[in-house]
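Participant: Give me a model of this one.
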Amino acid sequence: MTTMTETQTSPLPPRARSTAGTRGVTFVGVLRSEWIKLWSLMSTRILLLLTLVAIVGVGALAVLIRYSFLEQMVNTAKEQGQTMTPEMLEQSFPPGSGFELYNLPNAGLQIGILVLGSLAVLFISSEYATGMIRSTMNAVPRRTPAFVAKAIILAVISYVITTVAAAATFLIAMPVFQGLGFDLDWSTDGVMYSIFTGGLYVAGVALIGLSLGTLLRNSAGGITVLVGMFFVLSIAASFMTFIPGDFWKYVPQYIPSEAGGRFLSIGHTDGIIDPWHGGLIFLGYVLLFLIPAMIVLKKRDV
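Facilitator: The predicted model follows:
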């Protein structure tokens, strides 16, 4: 006679169930996984290289345009027995006019904003389109580490590419403007500040792009909103200055592109927000999109 014994399986305690499948998942591992996911695509590497070249190319073109314009001013000054100096330029052109010599490194910055911001949108919206987002979130059930890893990778890539491109643009600009008699080098007031803050600005744009991709889950929609924020809105805001009343003259300074652009400047100008105020306002915009995106990603079904 055979005696059969029933074996009862006790259920996992709540804590064990909640952590099942997450053991061995570290943030470094998630970061490495997201990096491989982005960098393994040849198209991404080509796009980043072309972006670097495009920023430098547009910057070089802007340098040549400014050179041709300033050359006429220098020749006119010589005919009048004067020598054109950076101080005379500051008196001739208001801040933000594009003729600040220290801001030459960021002459091609708009290309970086457009391409790297769009890449940031696609970095997560493409996963929603293909369904890969479910695999990503199954591998990282808490979800937040995956989002933070994407944000770090995009911010670092955007910062490095923009900073390298800004330095290369300035290397092109130095001999050009030195030929006009301007004492322009790395020690010129504001140059190094301009180079490094330009990278921070584009990194912030990339974080906004990632947030838009997360919130909208749509590549076209995210890119459209991004372009509207940093290109179309600034054009529309410029018309506010024609509205009667002092209030409307100051409103355009507080939109994302203008606040971020002011962050790249140096010095105080009456009637214009200071650079660090612009930087804080822009940081506020980044957090305004970043925090809701993290909350929505964690709460909403993928």
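
Participant: Could you use CA atoms for every contact and neighbour count after this?
Facilitator: Fine.

Participant: now the helices: where do they sit in the stretch 201-302 of the chain?
Facilitator: Assignment of helices within the stretch 201-302 of the chain using DSSP state H, counting those that start in this stretch yields the ranges 219-227, 233-238, 246-250, 256-263, 275-299.

Participant: Deepest in the core, which of those helices is it.
Facilitator: For the helices of the stretch 201-302 of the chain, average neighbour numbers computed from mean count of other C-alpha atoms under 10 Å are highest in helix 256-263, which has a mean of 24.

Participant: and stretch 179-193, what's its mean pLDDT?
Facilitator: The pLDDT scores in stretch 179-193 average 85.

Participant: how about that stretch: buried residues?
Facilitator: Within stretch 179-193, the residues that qualify as buried by neighbour count (16 or more other C-alpha atoms under 10 Å) are 182, 184, 185, 190, 191, 192.

Participant: same deal with stretch 44-64?
Facilitator: By neighbour count on 16+ other C-alpha under 10 Å, the buried set for stretch 44-64 is 48, 51-52, 54-60, 62-64.

Participant: So which residues make contact with that stretch?
Facilitator: Contact with stretch 44-64 is made by 38-39, 104-112, 115-116, 161-162, 164-166, 168-169, 172-173, as judged by C-alpha atoms under 8 Å, 6 or more residues apart in numbering.

Participant: let's see it at 6 Å
Facilitator: 107, 108, 111, 165, 169 (C-alpha atoms under 6 Å, 6 or more residues apart in numbering).

Participant: What of stretch 282-297?
Facilitator: 208, 211, 214, 215, 256, 259, 260.

Participant: Can you pull up the most central residue in the chain?
Facilitator: The residue lying closest to the centre of the chain (C-alpha atoms, centre = their mean) is residue 202, at 2.1 Å.

Participant: State the distance from it to residue 41.
Facilitator: 22 Å (C-alpha to C-alpha, to the nearest Å).

Participant: Now stretch 206-221 - C-alpha only, PDB.
Facilitator: Provided in PDB are the C-alpha atoms of stretch 206-221 (Å, rounded to 0.1, in the frame of the first residue of the first chain):
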ATOM      1  CA  ALA A 206      17.100  67.400 -24.200                       C
ATOM      2  CA  LEU A 207      15.500  66.700 -20.800                       C
ATOM      3  CA  ILE A 208      12.400  68.600 -21.800                       C
ATOM      4  CA  GLY A 209      12.300  66.600 -25.100                       C
ATOM      5  CA  LEU A 210      12.500  63.300 -23.100                       C
ATOM      6  CA  SER A 211       9.700  64.500 -20.800                       C
ATOM      7  CA  LEU A 212       7.500  65.400 -23.800                       C
ATOM      8  CA  GLY A 213       8.100  62.000 -25.400                       C
ATOM      9  CA  THR A 214       7.000  60.400 -22.100                       C
ATOM     10  CA  LEU A 215       3.900  62.600 -21.600                       C
ATOM     11  CA  LEU A 216       2.600  62.500 -25.100                       C
ATOM     12  CA  ARG A 217       3.900  59.000 -26.200                       C
ATOM     13  CA  ASN A 218       4.000  60.300 -29.700                       C
ATOM     14  CA  SER A 219       7.100  61.300 -31.700                       C
ATOM     15  CA  ALA A 220       5.500  63.800 -34.000                       C
ATOM     16  CA  GLY A 221       3.500  65.400 -31.200                       C
END
